[in-house]
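Engineer: With the sequence up front, the predicted model follows.
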Amino acid sequence: MLVLPSRSRRNGLRELSGRRALGLSAVTLTVLVSLAFAAVGCSSSGASSAEIIVTGSTTILPIAEIAAEDFTDQHPGTRVLVSGVGSSAGIESVTRGSSDIGTSSRDLKPAEEELGLIDTPIAIDSIAVIVHPSNPVDALTSEQVRQIFSGEITNWSEVGGEDREIGLVNRDEASGTREAFHKIVMGDSKFDRSAAVLPGTGQVRSVVANAEIAVGYISLGFATSDVKVLAIDGVVPTPETVRSGEYPIQRTLHFFTDGEPTGLALEYIDFILSEEVQEGVVRDAGFLPIPREGD
């Protein structure tokens, strides 16, 4: 059983997570550079452009990957190269021209709004607060969640649980999920710096599934029976409560392009927005389709 360290020892875990994140950034840079050179090579050889590069959010990765497979099946001779390297990296990549589409699970920051990117919303997501299945706590208020992740509440007994220290699990700063969670839940409060910081949704879920004192947050589409999803402000996240707006921690998932999309990129985006993908792939991945006129 994996047990999170005490607050005095979690700094070491946070530093280790940081080194892993730096390693991931190096790999990400290598992939992006390789893809950029590959694209230049195709252009200089005179070959027709039949390739789309889609880079960004790990939350959106399942949608983009499955849709890419279906799209290439319907468009023989095309390739859709999809990578999940984080929302911030996706936005930077499309801005620099390394990708045709940057995927993001957060809104643009004020400085990014000046970049001329075109936003295409592709799904609605909710962020679930998760704990170990053995944790007796079933529900929290939004204010309690803020206090927990800011370090104001440090023991589960303060929110109706056992007398055990709370083990915080957070995402890295490049994460769109972290950015959205901070915007919706934290407000002006800062995250507790003693939290374990991990680079991916899967890692957060794995730690919480194996540590009885842990609490983290992930996209609801990635929640499994290995963890328990908490009700927030008395509302359990479900497709119905997310669509109605009752569940408070929700966000829009985005495709960003540098200017209006054209050519193959536009065809792929139109495919993502088609009823086939929205009602199939998007729902199967645990997200909600973008509302259509009349919905």
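Structural biologist: Looks like it came in fine.
Engineer: Could you use CA atoms for every contact and neighbour count after this?
Structural biologist: OK.
Engineer: what are the pairing partners of the helix or strand containing residue 257, and which direction each?
Structural biologist: Using DSSP states H and E, residue 257 falls within strand 250-258. Strand 250-258 pairs in its sheet with strand 101-104 (antiparallel), strand 117-131 (antiparallel), by DSSP bridges.
Engineer: what would those look like in JSON lines with mean neighbour count, distance to residue 188 and mean pLDDT?
Structural biologist: Shown next, in JSON lines, are the strands paired with strand 250-258 (neighbours: other CA atoms under 10 Å; distance: least, CA to CA, whole Å; pLDDT from 0 to 100):
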{"stretch": "strand 101-104", "mean neighbour count": "32", "distance to residue 188": "22", "mean pLDDT": "98"}
{"stretch": "strand 117-131", "mean neighbour count": "23", "distance to residue 188": "19", "mean pLDDT": "97"}
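Engineer: Mind putting those into a markdown table with distance to residue 240?
Structural biologist: As requested, the strands paired with strand 250-258 are exported to a markdown table (distance: least, CA to CA, whole Å):
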| stretch | distance to residue 240 |
| --- | --- |
| strand 101-104 | 23 |
| strand 117-131 | 11 |
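Engineer: ok, now which ones touch residue 216?
Structural biologist: 129-131, 168-170, 204-205, 208 (CA atoms under 8 Å, 6 or more residues apart in numbering).
Engineer: residues touching the residue nearest to it when sequence neighbours are not counted, list them.
Structural biologist: Of all residues beyond its chain neighbours, the one nearest residue 216 is residue 169 (4.9 Å), with distances taken as CA to CA, 6 or more residues apart in numbering. Residues counted as contacts of residue 169 (CA under 8 Å, 6+ apart) are 195-198, 204, 207-208, 214-217.
Engineer: can we see that at 6 Å?
Structural biologist: Residues in contact with residue 169 (CA atoms under 6 Å, 6 or more residues apart in numbering) are 195-196, 215-216.
Engineer: Filter those residues down to the buried ones.
Structural biologist: For those, a burial check counting by 16 or more other CA atoms under 10 Å picks out 195-196, 215-216.
Engineer: that older thread, now the contacts of residue 216 in a markdown table, with distance to residue 150?
Structural biologist: Compiled in a markdown table, the contacts of residue 216 are given as follows (distance: CA to CA, whole Å):
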| residue | distance to residue 150 |
| --- | --- |
| 129 | 14 |
| 130 | 16 |
| 131 | 17 |
| 168 | 10 |
| 169 | 12 |
| 170 | 11 |
| 204 | 18 |
| 205 | 20 |
| 208 | 18 |
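Engineer: how is this protein carved up into domains?
Structural biologist: 7-21+125-244, 22-123+253-284 (automatic domain parsing).
Engineer: those helices in the stretch 151-295 of the chain, which residues are they?
Structural biologist: Assigned by DSSP state H, counting those that start in this stretch, the stretch 151-295 of the chain shows helices spanning 176-181, 201-210, 239-244, 263-272, 275-276, 283-284.
Engineer: Okay, buried residues for the second one please.
Structural biologist: What that stands for is helix 201-210. Of the residues in helix 201-210, 201, 204-205, 207-210 count as buried by neighbour count, 16+ other CA under 10 Å.
Engineer: likewise the fourth one?
Structural biologist: Neighbour counts over helix 263-272 (16+ other CA under 10 Å) mark 264-266, 268-269, 271-272 as buried.
Engineer: quick one: that helix to chain centroid distance?
Structural biologist: 22 Å (CA atoms, centre = their mean, to the nearest Å).
Engineer: Dump that helix to PDB, keeping only the CA atoms.
Structural biologist: Taking C-alpha atoms only, helix 263-272 is exported to PDB below (Å, rounded to 0.1, in the frame of the first residue of the first chain):
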ATOM      1  CA  GLY A 263      -7.800  22.300 -45.300                       C
ATOM      2  CA  LEU A 264      -7.300  19.000 -43.600                       C
ATOM      3  CA  ALA A 265      -7.200  20.600 -40.100                       C
ATOM      4  CA  LEU A 266     -10.700  22.100 -40.800                       C
ATOM      5  CA  GLU A 267     -11.900  18.700 -42.000                       C
ATOM      6  CA  TYR A 268     -10.600  17.000 -38.800                       C
ATOM      7  CA  ILE A 269     -12.200  19.700 -36.600                       C
ATOM      8  CA  ASP A 270     -15.600  19.300 -38.400                       C
ATOM      9  CA  PHE A 271     -15.300  15.500 -37.900                       C
ATOM     10  CA  ILE A 272     -14.700  16.100 -34.100                       C
END
